[in-house]
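In: Fold the following.
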Amino acid sequence: MPPPGLIYKYDDTTMQKRVARAISRCRDFTPALEIVGELGVSSIQKNFEEGGRPGWPDLAESTKAQRQKTGKWPGEILVRSGTLKRISTEVTKDAVTFSPGAGSAAYAAIQNFGGMAGRGRKTRIPAREFLMFQDEDGIEIQAIFADHVTEEDSSI
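Out: Sure, this is the predicted structure:
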């Protein structure tokens, strides 16, 4: 209880402005998602550089021999023309989409998820996930979103 004659006044205007700003920033995550897109492309490129994280299954000996004839082996497991490595992003206010190079959607899907391919779908392609994030990416992504929502406005 304050002594008689003293009035305590709490002004929470600054806090109200900060909360309103955070709410406003939650309506459009574009800036944060652009950063996530850059992080994702970098992480996916590292997947190629390291031959998968965890490592991808090796190529079949017949595939290695075929590539050797065309001068593309030895080389990287998922890199024939380099198309898969050309990752692009599309960012909206609430999503980021990662896509491999143009014209390779079916090839990218069979390489990433595995499945049956070739004439008559008789060749089993093992999954070699390249469109994936690592655990440490998730931690960094959380920090990116936290920073986006709590970023201070110098006018407050």
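In: In which helix or strand does the most centrally placed residue in the chain reside?
Out: For the chain, the residue sitting closest to the mean C-alpha position, by C-alpha atoms, centre = their mean, is residue 40 at 3.0 Å. Using DSSP states H and E, the secondary-structure element containing residue 40 is helix 30-49.
In: And residue 128, by the same measure?
Out: Assessed by DSSP H and E, residue 128 sits outside every helix and strand.
In: what's the spacing between it and residue 145?
Out: 29 Å (C-beta to C-beta, to the nearest Å). In short, each C-beta sits where N, CA and C put it, glycine included.
In: repeat for residue 94
Out: Residue 94 is 12 Å from residue 145, where distance means C-beta to C-beta.
In: that older thread, may I ask you to confirm that the residue nearest to the centre of the chain is in contact with residue 137?
Out: Yes. Between residue 40 and residue 137 there is a contact under C-beta atoms under 8 Å: 7.3 Å.
In: quick one on the thing from earlier: the residue nearest to the centre of the chain - nearest residue in space that isn't next to it in sequence?
Out: The shortest distance from residue 40 to any residue that is not its chain neighbour, by C-beta to C-beta, 6 or more residues apart in numbering, is 5.6 Å, and that residue is residue 98.
In: Noted, bye for now.
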